[in-house]
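S.K.: I need the structure of the sequence given here:
(one chain, ligands or ions: 1)
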Amino acid sequence: MTTNSIDSKRHRTSRLIEEWFLATGRDLPWRTALPHSTGCSPWGIMVSEFMLQQTPVSRVLPVWEIWMTRWPTPAALAAEPSSEAVRAWGRLGYPRRAQRLHAAAVAIVEQHDGEVPGTREELQALPGVGVYTSAAIAAFAFGRRESVVDTNIRRVHARLFSGKALPSPSFTAAEARLAEELLPEDRAESVTWNAAVMELGALVCTARSPKCQECPVATECAWLAAGSPEPEYVPKGQSWHGTDRQVRGAVMAVLREAGSPVPRELFLAPPADWETGTANLSWSGSEGALGRLDALHRLKAAPEQLERCLGGLLKDGLANESDAGLSL
Ligand code: SF4
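M.R.: Next up, the predicted model:
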């Protein structure tokens, strides 16, 4: 597609997508691009961007609300140990994000007087903030004209403009160029465009079953016009059952609930009489923590896998070990 044809198509599609977004977009508390939005602090937007990396909105929303009540500013979070951030991360997954967010809060306090910085360069210097997250915070928190390209936006661009079922497995320079060409010149419009395309990808142009009948730009869609060709590759499924990720998550759930260090051996094998509930434990865990320990052992992970996962969590600094056992 030439720049001119992209430009005219963008003008047509942007009006349609933005109208759809203004009428249908979810009024999320961290969203500032809708006219009736009540506003959100840059810190609230930053927290949401960390949480939304690899976790859907429905799971993020309740945790985000608890976080913002407890830690409404970077200084509030920085004043507590990072283990509290990991505990409050709950079941969002990938808990290293909580550690990095805490480290970013500390850096904001130390280097930016407690205020989230507004440029991509400053943002990318913070722990855990990469290319995508810095662009998203700069655009949505500070209204800057930034090309924000997440998985949803990449998929919409691939279908709508390139006629492909899926974008390339990894982000290409051609995609970056296309995203830049599609971005409206006007700053406010560019913020709305980013939010609107992201929302279209999340709600309508979904990965597995795009709802083309409901799509505001179906008449413009290159993939639909080409007869909806199959993807050029089979995307790798995100396996979960039996993986180290699942076992690490189950171990972290025990540690979050435990009020005291949990002896290492309790992770490696269920104690005698565990099944009958009459086990004589050397540890007085809360009912919640015992329930999580039971859930871990129901996974029936091999001892080598349990050892590997404990070692990994210790190495990543997500767990600590003392003579008494493991804790956050
Ligand atoms: Fe996506 Fe279908 Fe809309 Fe094309 S018509 S942008 S494939 S939802």
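S.K.: what number of residues lie near Glu146?
M.R.: By other CB atoms under 10 Å, the residues close to Glu146 number 21. Every residue, glycine included, has its C-beta placed from N, CA and C.
S.K.: wait, doesn't it sit right on Asn194?
M.R.: Yes: using CB atoms under 8 Å, Glu146 is in contact with Asn194, at 7.5 Å.
S.K.: which residues are in contact with each of the two?
M.R.: Residues touching both Glu146 and Asn194 (CB atoms under 8 Å, 6 or more residues apart in numbering): 136, 139.
S.K.: the ligand contacts on the stretch 51-200 of the chain?
M.R.: By CB under 6 Å from any ligand atom, the residues of the stretch 51-200 of the chain that approach the ligand are 156, 159-160.
S.K.: among those, who's most crowded?
M.R.: For those, neighbours tallied by other CB under 10 Å; top is Val156, 28 neighbours.
S.K.: identify the residues contacting it.
M.R.: 197, 200-201, 205.
S.K.: please apply the same query to Arg159.
M.R.: By CB under 8 Å, 6+ apart, the neighbours of Arg159 are 165, 205, 210, 221-224.
S.K.: next one: Gly249
M.R.: Applying CB under 8 Å, 6+ apart, the residues contacting Gly249 are 91, 93.
S.K.: tell me the pLDDT at Gly39?
M.R.: pLDDT, Gly39: 81.
S.K.: my read: it touches Trp30, true?
M.R.: No: between Gly39 and Trp30 there is no contact under CB under 8 Å: 9.9 Å.
S.K.: of the two, which one has the most company?
M.R.: Taking neighbours as other CB under 10 Å, Gly39 and Trp30 compare with Trp30 leading, 23 against 9.
S.K.: distance of the nearest residue to that one once chain neighbours are set aside from Trp64?
M.R.: Nearest-residue entry for Trp30: Ser48, 3.8 Å, with adjacent residues in sequence omitted and distances by CB to CB, 6 or more residues apart in numbering. Going from Ser48 to Trp64 by CB to CB, to the nearest Å gives 6 Å.
S.K.: what sits in contact with each of those two?
M.R.: The contact sets of Ser48 and Trp64 overlap at Trp30 (CB under 8 Å, 6+ apart).
S.K.: between those two, tell me which one has more neighbours.
M.R.: Using other CB under 10 Å as the criterion, Ser48 and Trp64 rank with Ser48 on top: 24 against 21.
S.K.: and the more buried one, what pLDDT?
M.R.: Model confidence at Ser48 (pLDDT) stands at 97.
S.K.: then Val57?
M.R.: At Val57, pLDDT is 94.
S.K.: how about it, what does it touch?
M.R.: 26, 28, 202.
S.K.: cool, Arg12 as well?
M.R.: Contacts of Arg12 by CB under 8 Å, 6+ apart are Glu220.
S.K.: touching the ligand at all, the one helix or strand it maps to?
M.R.: Assignment of secondary structure by DSSP states H and E places Arg12 within helix 3-24. No: counting by CB under 6 Å from any ligand atom, the ligand has no neighbours in helix 3-24; the shortest distance is 8.8 Å.
S.K.: what's the helix or strand that comes right after that helix packed up against?
M.R.: Following helix 3-24 in sequence order, the next helix or strand is helix 42-52 (DSSP H and E). Packed against helix 42-52 by the contact rule (3 or more CB pairs under 8 Å, 6 or more residues apart in numbering; DSSP states H and E) you find helix 57-70, helix 96-112, helix 131-142.
S.K.: right, so the ones you listed: which one is the most enclosed?
M.R.: Most buried of the helices and strands packed on helix 42-52 by mean neighbour count (mean count of other CB atoms under 10 Å) is helix 131-142; its value is a mean of 22.
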